[in-house]
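**Student:** Quick one: sequence plus predicted model below, questions after.
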Amino acid sequence: MLILGVESSCDETGLALYDSEQGLLAHALHSQVAMHAEYGGVVPELASRDHIRRVLPLTERVLLEAGKTLHDIDAIAYTQGPGLSGALLVGTSFAASLAFSLNIPTINVHHLEGHLLAPLLEDNPPTFPFVALLVSGGHSQLMRVDGVGRYQLLGDTLDDAAGEAFDKTAKLLGLGYPGGPALAKLAEQSPCHSPRQAAAQRPFKLPRPLLHSGDLNFSFSGLKTAVLSLVNKHQPLDEATKADVAWEFQEAITEVLTAKCMTALRDTGLDSLVVSGGVGANLKLREKLNAAVKAKHCKVSYPRLEFCTDNGAMIAFAGAMRLQAKSGQPDYGFSVRPRWDLAELQTP
Ligand code: KG4
Ligand code: ZN
């Protein structure tokens, strides 16, 4: 079965072809980061218009790369949500109309399930069951995963998501959008980054929220507020201070994420951890998790760096898994309006 995957939930247009026998054949991505950068965040209307411009050329590109034609495709998987309505509508309507014209089924994919299953695209993939840490711009969740669609929420964020905390803190430090990679890069400039720097010599100490709460929930908004008061106290911020703050922020957030993952493994009795979502690309987080799981004789799996953030491959793959499990619901209808109360309607 050859599955075309379409991702358009936010600011990346991702297309991919996944073959259930041969694996991933091709994938292509267009990131809108440069276009949104001057606004300091994603402008939904611009995002939608750009998805329209990109979706067909990217489809042609993956077909060419895989040496396939439209008629070789057996099903089309698309991100139905969550995400920006207009952006979702582009990928969804494209998938539905192409599938209708080819007389093949569509598979509606949950964006987070795409992230969650992305590590299974790698060589030596993890096997079910495992604990998953899903850390993206909108989510910070720990889950027990027993199979496709068999997800048990173990812990969630009470306020900001991990990626959101990275982005907001980066903004406070005057860094561009998206903040996570920029902040991680700046942290490397801090002398604290050197293994020779003793912990006692580090200039700042930020809180580790809910580190000892005993449960698996997260809270990151207080961390961002602590950064804000540091920033206010040290005005005007020089580059060295910024780098030290970035380093300590990254240290605090990755320490909490790592500790909660280890607690989740202990509580579930499982020995396999899977990390996914944009923050999963953070190398400090990977360094800490690798050390922690090794100490407990557990294992950890990640998607390759480019599949941590949004992409079409994870959607094609999740679609293929759903099709295999026969739990997909092929249909050509589409809806992306998440909330619409009948009472909102007025007489024409
Ligand atoms: O999964 P993703 O592409 O989009 C959502 O589904 O939300 O994640 C994007 C988030 C952003 O908040 C971005 O700043 C963060 O992932 N991110 C990182 C890194 N790369 C991306 N955060 C920390 N370190 C990184 N290297
Ligand atoms: Zn995402």
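**Tutor:** Received it, and whenever you're ready, just let me know what you need. Numbers count the residues shown, from 1 in each chain. Ligands and ions are numbered 1, 2, ... in the order given.

**Student:** And the closest residue to ligand 1 within the stretch 201-348 of the chain, how far from Ala118?
**Tutor:** Closest contact between the stretch 201-348 of the chain and ligand 1, by Cβ to the nearest ligand atom, is at Gly278 (2.1 Å). Bear in mind the C-beta positions are built from the backbone N, C-alpha and C, glycine included. Here the criterion is Cβ to Cβ, to the nearest Å. By it, Gly278 lies 11 Å from Ala118.

**Student:** for the residue nearest to the spatial centre of the chain, what are its contacts?
**Tutor:** Closest residue to the average C-alpha location of the chain: Gly277 at 2.6 Å, with Cα atoms, centre = their mean. By Cβ atoms under 8 Å, 6 or more residues apart in numbering, the residues touching Gly277 are His115, Leu134, Val135, Ser136, His139, Gly163, Cys308.

**Student:** Backbone dihedrals for the fourth one, please?
**Tutor:** Spelled out, that is Ser136. phi -130, psi -170 (degrees, to the nearest 10).

**Student:** Spatially nearest residue to it (excluding sequence neighbours)?
**Tutor:** Distances taken as Cβ to Cβ, 6 or more residues apart in numbering put Gly277 closest to Ser136, at 3.4 Å, once the chain neighbours are dropped.

**Student:** per-residue confidence at that neighbour?
**Tutor:** In this model, Gly277 is scored at 94, pLDDT.

**Student:** What is the neighbour count of Pro126?
**Tutor:** As a burial measure, Pro126 scores 18 neighbours (other Cβ atoms under 10 Å).

**Student:** secondary structure element for it?
**Tutor:** Using DSSP states H and E, Pro126 is not contained in any helix or strand.

**Student:** I'd assumed Lys299 was in contact with it.
**Tutor:** Yes - using Cβ atoms under 8 Å, Pro126 is in contact with Lys299, at 7.4 Å.

**Student:** Can you give the contact residues for stretch 188-195?
**Tutor:** Contact partners of stretch 188-195, identified using Cβ under 8 Å, 6+ apart, comprise Ala187, Gln197, Arg202, Pro203, Glu239, Ala240, Ala243, Asp244, Ala246, Trp247, Glu248, Glu251.

**Student:** List only buried entries from those.
**Tutor:** Among the contacts of stretch 188-195, those scoring as buried are Ala187, Ala243, Asp244, Ala246, Trp247, Glu248, Glu251 (criterion: 16 or more other Cβ atoms under 10 Å).

**Student:** Excluding residues flanking it in the chain, which one is nearest the last one?
**Tutor:** When you say that, I think you mean Glu251. Nearest non-adjacent residue to Glu251, counting by Cβ to Cβ, 6+ apart: Lys284, 7.2 Å away.

**Student:** Can I take it that the one you found is in a strand?
**Tutor:** No - counting by DSSP: H, G, I helix; E, B strand; the rest coil, Lys284 falls outside a strand, being helix.

**Student:** Show me which positions of the strand or helix carrying Glu60 end up buried.
**Tutor:** Per DSSP H and E: Glu60 is located in helix 44-66. For helix 44-66, a neighbour-count test (16+ other Cβ under 10 Å) marks 44, 46-52, 54-55, 58-59, 61-63, 66 as buried.

**Student:** Repeat that for stretch 73-81.
**Tutor:** Quick answer for stretch 73-81 (16+ other Cβ under 10 Å): Ile73, Ala75, Ile76, Ala77, Tyr78, Thr79, Gln80, Gly81.

**Student:** for those residues, which one is nearest ligand 1?
**Tutor:** Of these, the one sitting nearest to ligand 1 (Cβ to the nearest ligand atom) turns out to be Thr79, at 9.9 Å.

**Student:** Flag every residue of the stretch 1-150 of the chain that's near ligand 1.
**Tutor:** The stretch 1-150 of the chain has residues His115, Ser136, Gly137, Gly138 near ligand 1, with proximity defined as Cβ under 6 Å from any ligand atom.

**Student:** Contact partners for the last one?
**Tutor:** Read it as Gly138. Gly138 sits in contact with Pro82, Ala161, Gly163, Glu164, where contact means Cβ under 8 Å, 6+ apart.
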